[in-house]
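[1] when you get a sec, could you give me coordinates for this:
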Amino acid sequence: MIIDQGVLDDSLRFFHEADPFTKENLFYIERAGIYHCDSTYQFAREASEIRTCQMILVEEGCLQMQYGGEQKEMCPGDMILMHLGEPHLYRTAGTEVRMIWMHMDGRGCLPYVRLITGTGGNTMKLRRYPGVREILDRIFILLDKSDGMDPHELSVCVHYFFSLMMRSAQERFETEIERSIRESAAYIRVHYAKENLSVPHLAGREAMSVSYYVRSFRKIMGVTPHQYILQARINAARELLDTTSLSVETIAEHSGFCSASHLISAFRKETGMTPLQFRNLWR
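    Here you go, the predicted structure:
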């Protein structure tokens, strides 16, 4: 029977002492649980030298979490990865809670957790991580084996859990980067004529370094930011040449070019003709 305050009798806890080979070479889990807790449950830990990491997945109810200087409320489907050496506190939020948790260790455990949380944050929605629920179920089946748990298979499962988490975090991160770049491209299409529309300005708007912004923009849009700006300005000049009688000098100003000569040079390079030749072609 589990005697922790607030942990109800239908809860389960698993404990396995890892052998020296496992501790030196494999991922392993020494403690884990499937908990059903009432409204009095609370657990707190101060900063320590513990190197173990913990995963908590809330299945029913809500759990109030304090970790990393932040306070969060974890609801069904929310999961957290954390380093037990850092202070943390969690407690039920006025209702009963069902959750699963496990303490993970091994040489690569903490670096993996830092890599995953550095990309996607400490808390995550389980639905955004395909396959993780299934591998967690497999881990708890192994932990519950009455004839002895295979540490090698468990290590593979923990490693696979980390790989699924990392892959999904990277994919979500890339999606956010792609969204930022496409929003930046839309900004260029609207503000192409602005004098301060420079690559450093655009990178700063997206909170990216110039080199990372240029690299990401080229990867997603197929051209550099400078090329995209130039194309937007040439397209604007084309429309003005086709729909107005404005002079080349005025069109250059309205299109974001610093001078008529700059417009003429860029236009000829892009279309093979001067602005006036383009205007006369369509009239």
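[2] from here on, just use CA atoms for contacts and neighbour counts.
    OK.
[3] what number of residues lie near Ser48?
    10 (other C-alpha atoms under 10 Å).
[4] and the nearest residue to it once chain neighbours are set aside, helix, strand or coil?
    Computed as C-alpha to C-alpha, 6 or more residues apart in numbering, the closest residue to Ser48 that is not its neighbour in sequence is Gly85, at 4.7 Å. At Gly85 the chain is in coil, as set by DSSP: H, G, I helix; E, B strand; the rest coil.
[5] wait, what's in contact with Gly85?
    Neighbour list for Gly85: Glu46, Ala47, Ser48, Glu49, Ile50, Arg51, Thr52 [criterion: C-alpha atoms under 8 Å, 6 or more residues apart in numbering].
[6] next SSE downstream of the helix or strand that Tyr35 is a member of?
    Taking DSSP states H and E as the criterion, the element that holds Tyr35 is strand 28-37. With elements assigned by DSSP H and E, the helix or strand that comes after strand 28-37 is strand 42-45.
[7] partners of that next one, with directions?
    On the basis of DSSP bridges, the sheet neighbours of strand 42-45 come out as strand 88-92 (antiparallel).
[8] who touches the very next helix or strand once past the partner strand?
    Past strand 88-92, heading to the C-terminal end, the next element that is a helix or strand (DSSP H and E) is strand 97-105. Strand 97-105 is touched from outside by 23, 27-39, 51-63, with contacts defined as C-alpha under 8 Å, 6+ apart.
[9] what's the answer for stretch 193-201, then?
    With contact meaning C-alpha under 8 Å, 6+ apart, stretch 193-201 is reached by Ile188, His191, Val210, Val214, Pro225, His226, Arg233, Glu253, His254, Ser255, Gly256, Phe257.
[10] do stretch 119-129 as well
    Everything outside stretch 119-129 that qualifies as a contact, by C-alpha under 8 Å, 6+ apart, is 77-82, 117, 132-133, 164-165, 168-170, 172-173.
[11] cutoff 7 Å now
    Gly77, Asp78, Met79, Ile80, Leu81, Met82, Leu164, Met165, Ser168, Ala169, Gln170, Phe173 (C-alpha atoms under 7 Å, 6 or more residues apart in numbering).
[12] columns neighbour count and distance to Ser184 on top of these, output as a markdown table?
    Output for the contacts of stretch 119-129, formatted as a markdown table (neighbours: other C-alpha atoms under 10 Å; distance: C-alpha to C-alpha, whole Å):
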| residue | neighbour count | distance to Ser184 |
| --- | --- | --- |
| Gly77 | 18 | 33 |
| Asp78 | 20 | 31 |
| Met79 | 20 | 32 |
| Ile80 | 20 | 32 |
| Leu81 | 20 | 32 |
| Met82 | 23 | 34 |
| Leu164 | 18 | 30 |
| Met165 | 24 | 29 |
| Ser168 | 19 | 24 |
| Ala169 | 22 | 23 |
| Gln170 | 15 | 21 |
| Phe173 | 14 | 17 |
